[in-house]
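Asker: Using only what follows, build the 3D model:
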Amino acid sequence: AALETCNIAGTGYTSRNCAFGCDAMNPACIPPPNEQCGAGAIDVSMGGVFTGTIEDYANDYNGNDCTGWSSNGSDAVYSITGAIGDIVTVTLDTPFDGSVYAVTDCGDIANTCIDGADDGGSTTVEVIEFIIRDTNPIYIIADTFSSSASGTYTLTVTTQVPDCTNYEQAITCQADGTTL
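Answerer: Numbers count the residues shown, from 1 in each chain. Sure thing, here's the model as predicted:
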């Protein structure tokens, strides 16, 4: 759907594509379902590749406390749950200055940050990796440095079961001193 809005001079209309539809009663684009944390966050627990157009989103979160850099632009939210001990790798590829971070509470990013990355300017691929510690959802936020950021981002999520657990012995000794 497209939204046409009269320009500020009143001399014509500008058109904007509304990826999630238009609200005809309040001339505006309908926000994406994963605009904020909670029920609307897109579940990426099975892993995969997810894309979006960043200008469809608003600025709801700032990852400064998680990445060390301000992110005052648009952000999209995803969620993941998995088996305790699973290793999760998230890659964010953008044509703009993006950042990605994982938190357990979007209302308290500073105290619930699991991992975050904001390694540079535009076109830098951001990567985070973390271990699932409990069965509560983890929110992954794809964010931008600037409110003028535009373009399509790609979020890739992979999960893997660890090969071993902490302090697991590689050799098992039997009572008689021989190994299995």
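Asker: what's next to the least confident helix or strand in the chain by mean pLDDT, contact-wise?
Answerer: Across the helices and strands of the chain, mean confidence by mean pLDDT, DSSP states H and E is lowest for strand 2-6: a mean of 72. Residues from elsewhere that reach strand 2-6 (Cβ atoms under 8 Å, 6 or more residues apart in numbering): 12-18, 22, 27-29. The C-beta positions use only the backbone N, C-alpha and C, and glycine is treated the same way.
Asker: among these, which are in strands?
Answerer: 13-17, 22, 28-29 (DSSP state E).
Asker: Check those residues against residue 39 and report the nearest one.
Answerer: residue 29 (20.2 Å; Cβ to Cβ).
Asker: Buried ones from the contacts of strand 2-6, can you make that a PyMOL selection?
Answerer: Selection of the buried residues among the contacts of strand 2-6 in PyMOL, burial being defined by 16 or more other Cβ atoms under 10 Å:
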select buried, resi 18+22+29
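Asker: Looking at the contacts of strand 2-6, which is nearest residue 94?
Answerer: For these, the nearest to residue 94 is residue 17 (19.2 Å; Cβ to Cβ).
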